[in-house]
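# Here is a sequence with its predicted model. Questions after.
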Amino acid sequence: MGSRRRAREVALQFLYQLDLQGEDDPVPHEQEFWARHALSGEAKTFAETLVRGTKASQAKIDQMIEQYTENWALERMAAVDRNILRVAVYEMLWTDEAPGKVVINEAIEIAKKFGTKESGRFINGVLDRIHKELRPAS
């Protein structure tokens, strides 16, 4: 597994933890979290960027997700799926780290590992719609 995939997985774990605790600010929890989830320099920087950026833009991201998931309220989604979508939307629309199709593929693989049997298909459908409408050139 590449360091970018590992960084995305760890970012998901941090976002999942914050989501379940009802926390909006990752900073007070960073020292403890990173002590338990050691990453190398570049991978840690990437994971931190994903976590902080996703949390900073979460209201807008959540609004987008609800717009593109017809008949699905965010609170009804599995917490893992919800946070995979959040981090992937952030990476796809707020960073130039990877092409949209790569972000979608990474999110699907992470969903297969951490989500349910249906998570990969669900994540693919939502992210594909967002990508086609909001970032069609990548």
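Structure received.
# For the lengthiest helix in the chain, name the packing helices and strands.
When the chain is parsed with DSSP state H, its longest helix is helix 3-21. Under the contact definition 3 or more CB pairs under 8 Å, 6 or more residues apart in numbering; DSSP states H and E, helix 3-21 sits against helix 27-36, helix 41-56, helix 79-94, helix 100-114. The way it works is simple: take the backbone N, C-alpha and C, and place the C-beta from them, glycine included.
# how about 7 Å then?
Secondary structure elements in contact with helix 3-21, counted by 3 or more CB pairs under 7 Å, 6 or more residues apart in numbering; DSSP states H and E, are helix 41-56, helix 79-94, helix 100-114.
# Quick check: end-to-end length of stretch 31-50?
End-to-end distance of stretch 31-50 (CA to CA, to the nearest Å): 16 Å.
# And stretch 91-106, by the same measure?
Termini of stretch 91-106 sit 11 Å apart (CA to CA).
# which parts of that stretch are buried?
Glu91, Met92, Leu93, Trp94, Ala98, Gly100, Val103, Ile104, Glu106 (16 or more other CB atoms under 10 Å).
# The longest helix of the chain to helix 100-114, inter-axis angle?
Angle of helix 3-21 versus helix 100-114, following axes from the mean of the first three to the mean of the last three CA atoms, to 10 degrees, is 60 degrees.
# C-alpha coordinates for helix 3-21, CSV please?
Extracted in CSV, the C-alpha atoms of helix 3-21 (Å, rounded to 0.1, in the frame of the first residue of the first chain):
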residue,chain,number,x,y,z
SER,A,3,1.9,6.2,1.6
ARG,A,4,-0.9,8.3,0.0
ARG,A,5,-3.5,5.5,0.5
ARG,A,6,-2.3,5.0,4.0
ALA,A,7,-2.6,8.8,4.7
ARG,A,8,-6.2,8.8,3.3
GLU,A,9,-7.1,5.8,5.5
VAL,A,10,-5.7,7.5,8.6
ALA,A,11,-7.4,10.7,7.7
LEU,A,12,-10.7,8.7,7.5
GLN,A,13,-10.0,7.2,10.9
PHE,A,14,-9.4,10.6,12.4
LEU,A,15,-12.6,12.1,10.8
TYR,A,16,-14.6,9.1,11.9
GLN,A,17,-13.4,9.5,15.5
LEU,A,18,-14.3,13.2,15.4
ASP,A,19,-17.7,12.5,13.9
LEU,A,20,-18.6,10.0,16.5
GLN,A,21,-17.5,12.3,19.3
